[in-house]
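Peer 1: coords please:
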Amino acid sequence: MKKLSLVTLSMLCTLCVNAQIQTLQSVTDNGNATTKNIWVGMAPFAGLPEHALNLGGKLKIFGNPTTFTLDVDGTQPTIYRSGVNGLTYPFDTYDNLILQAGTVNKDLVFVTGSTPTPRMVVKGNGNVGIGTSSPGSYKLAVEGTIGARKVKVTQQTTWADFVFQDDYQLQALPDLEKYIQQNKHLPDIPSAKEVQQNGIDLGEMNAKLLQKIEELTLHIIELNKKNTALEQRMAAMERKEK
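Peer 2: Down below sits the predicted model:
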């Protein structure tokens, strides 16, 4: 009888212990939540100042939203994947990772550095700032130097070949000299003050510079014709004198 009682007591203890064991599934099934830090794939770190989900590995997102997050839930920052799951792993391997700021004109801010500092921002209107959090009306604003191996400007700017059209009125050199003396810059080219205040449009400025080069080329051609004519007259005069 005594032996049976010990067996029964052991079984009851085991049941009690098992009853206290909870899995993540059992917690979520009961609709419970926690205000504590959660550690996955790594040992807890004591003294963490804020409640967080800490991962010691990769985070894979297998949800299947088919549209951007809208309505009330869309006001909250969200990370998710696009597209629809396949039936077997790895599901859709071509899905996008979407970082969505709150829909109430909120920004995506990228922070780096030992002293956490915003380095890049995507504003609620889609404008991007690098090195600045205020890109203003620019689609891309960079506070600093841009390094690139190649820059291609694709805007629709009128190219300067119209200078070579037969009806183009080339400014006479005396008039050009007078304009430069009065304004201290070439016609159709912004002054130093204007550039300092407004900057320059690379596509537009290249077209204007090409226009000046083509005008200069026409002046050189015209001067060469005059010089050739003078040489011919001088040669004719020398022949007469002989």
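Peer 1: Just give me how far the longest helix along the chain sits from the chain centre.
Peer 2: As assigned by DSSP state H, the longest helix anywhere in the chain is helix 202-241. The chain centre lies 47 Å from the centre of helix 202-241; the measure is Cα atoms, centre = their mean, to the nearest Å.
Peer 1: and if you look at stretch 168-177?
Peer 2: Relative to the chain's own centre, stretch 168-177 is displaced by 44 Å; criterion: Cα atoms, centre = their mean.
Peer 1: got it, and stretch 164-174?
Peer 2: Averaged C-alpha coordinates place stretch 164-174 at 43 Å from its chain's average position (Cα atoms, centre = their mean).
Peer 1: pLDDT (mean, whole number) over stretch 49-64?
Peer 2: Stretch 49-64 comes out with an average pLDDT of 82.
Peer 1: now do stretch 119-131
Peer 2: Summarised as a single mean, pLDDT over stretch 119-131 is 96.
Peer 1: try stretch 102-110
Peer 2: When pLDDT is averaged along stretch 102-110, the result is 91.
Peer 1: contacts for that stretch?
Peer 2: Under the contact criterion Cβ atoms under 8 Å, 6 or more residues apart in numbering, stretch 102-110 has outside partners 69-70, 74-77, 99, 101, 118-125, 133. For every residue, glycine as well, the C-beta is placed using N, CA and C.
Peer 1: Show only the entries of the residues you listed found in strands.
Peer 2: Counted as lying in strands by DSSP state E, out of the contacts of stretch 102-110, are 99, 118, 119, 120, 121, 122.
Peer 1: so which of those comes closest to residue 111?
Peer 2: Relative to residue 111, the closest of the ones in strands among the contacts of stretch 102-110 is residue 118; by Cβ to Cβ it sits at 5.4 Å.
Peer 1: quick one, what contacts that closest one?
Peer 2: Residue 118 makes contact with 109, 110, 111, 133 under the criterion Cβ under 8 Å, 6+ apart.
Peer 1: in the chain, which spans are helices?
Peer 2: With DSSP H as the definition, the chain shows helices at residue ranges 2-20, 24-29, 173-183, 192-198, 202-241.
Peer 1: Redo the ones you listed as CSV? Include mean pLDDT, distance to residue 156 and mean neighbour count.
Peer 2: Formatted as CSV, the entries for those read as follows, by pLDDT from 0 to 100; distance: least, Cβ to Cβ, whole Å; neighbours: other Cβ atoms under 10 Å:
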stretch, mean pLDDT, distance to residue 156, mean neighbour count
helix 2-20, 52, 72, 9
helix 24-29, 76, 56, 10
helix 173-183, 96, 29, 11
helix 192-198, 95, 20, 10
helix 202-241, 93, 9, 12
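Peer 1: mind putting those in JSON lines, distance to residue 150 included?
Peer 2: Below are these laid out as JSON lines (distance: least, Cβ to Cβ, whole Å):
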{"stretch": "helix 2-20", "distance to residue 150": "65"}
{"stretch": "helix 24-29", "distance to residue 150": "51"}
{"stretch": "helix 173-183", "distance to residue 150": "34"}
{"stretch": "helix 192-198", "distance to residue 150": "24"}
{"stretch": "helix 202-241", "distance to residue 150": "13"}
